[in-house]
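> A predicted structure for the sequence below; I have some questions about it.
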Amino acid sequence: MAIELKENERLDDLQRNGLQIIQKTDGFCFGMDAVLLSGFAAVKPGERALDLGTGTGIIPLLLSAKTEGEHFSALEIQDEIARMAERSVKLNHLENKIEIVHGDIKEASRIFGAASFDVVTTNPPYMNDSHGLKNPTEVKAISRHEVLCTLEDVVREGAKVLKPGGRMYMVHRPHRLIEILGTMKQYKLEPKRMKMVHPFKDKDANMVLIEAVRGGGAWMKVEAPIIVYKEPGVYTDEIYSIYGY
């Protein structure tokens with residue numbers, strides 16, 4: 001369908017099933033972390049998934065193409081960004097499969113109800129208040145810093161909306177890994193899979209992907225790491241596969 005782009009908006013091709021997404025030319029755009037999370041998460045046939053803090057809606061859009069999930073809900077607190085994500089859903093004729101909801105992560109269990117989803121995905125703000133200066137009114141600050149919600153808010157509400165045995169998939173930064181695992185266990189989410197992401201094979205990890213199960217047993221698999229680049233500017237075969245090239 002034809003769609004009129006607003007000022008400072010652009011249309012990007014997702015290279016998957018002909019999907020496109022509307023993004024701001026001067027705002028916070030999705031990055032590799034969201035793409036890697038969509039490749040790490042599993043949504044099985046008949047399952048319903050919720051993306052907490054969806055931003056432009058990139059994760060439900062990609063998961064709708066990569067998985068056989070029945071339905072994808074997505075929660076975003078910034079009204080303008082939520083409306084933009086909604087327009088991307090309509091652009092791709094996915095209104096029956098993806099629902100964008102404007103609301104606060106801290107209220108997710110009230111909005112959707114307890115034990116409503118088989119899967120929760122989240123690419124939350126990485127930086128807590130002690131990391132860097134920020135303007136709390138800026139979209140980029142809200143996306144990157146824990147201005148409007150904390151890690152605990154995300155984990156707590158994710159645990160509440162998951163069915164027993166349901167799975168949470170999160171991408172975050174390794175420097176907060178101990179805090180992440182401890183918070184998940186506090187809310188009865190048992191970490192089951194973990195995968196580190198390294199920019200180059202000889203560089204430290206700069207992202208971590210985690211799968212946790214509500215009420216799962218105490219056993220975790222640390223999978224082979226993802227290496228992003230084999231040389232500057234050239235992705236590894238695994239990254240090309242995740243992107244769908």
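Nice, I can see it.
> Okay, now the unreliable bits of this structure?
The chain contains residues with pLDDT under 70 at 1-2, 126-148, 245.
> What are the boundaries of the strands in it?
Counting by DSSP state E, the chain has these strands, from start to end: 9-13, 20-24, 48-52, 71-76, 98-102, 117-122, 162-172, 189-198, 207-214, 221-222, 226-227, 229-231, 234-235.
> Of all the ones you listed, which one is nearest L151?
Proximity to L151, assessed across these by Cβ to Cβ, is greatest for strand 162-172 (8.0 Å). For every residue, glycine as well, the C-beta is placed using N, CA and C.
> ok, and for the longest helix along the chain, which residues are buried?
For the chain, the helix with the greatest residue count under DSSP state H is helix 79-91. Residues of helix 79-91 classed as buried: 81-82, 84-89, 91 (neighbour count, 16 or more other Cβ atoms under 10 Å).
> residues in contact with it?
Counting by Cβ atoms under 8 Å, 6 or more residues apart in numbering, helix 79-91 makes contact with 1, 3, 9, 20-24, 54-57, 61, 74, 76, 95, 98-102, 139, all of which sit outside it.
> Make a PyMOL selection of whichever of the residues you listed turn out to be buried.
To isolate the buried members of these in PyMOL, using 16+ other Cβ under 10 Å:
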select buried, resi 9+20+21+22+23+24+54+55+56+57+61+74+76+98+99+100+101+102+139
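> between the longest helix of the chain and strand 48-52, how many degrees?
Counting by axes from the mean of the first three to the mean of the last three Cα atoms, to 10 degrees, helix 79-91 lies at 150 degrees to strand 48-52.
> what angle separates helix 79-91 from strand 20-24?
Orientation check (the same axes, to 10 degrees): helix 79-91 against strand 20-24 gives 160 degrees.
> Look up which residues are beta-bridged to the closest residue to F40 other than its chain neighbours.
Distance criterion Cβ to Cβ, 6 or more residues apart in numbering; nearest residue to F40, sequence neighbours excluded, is L209 at 4.4 Å. Here L209 sits in beta bridges with V171, K195, as judged by DSSP bridges.
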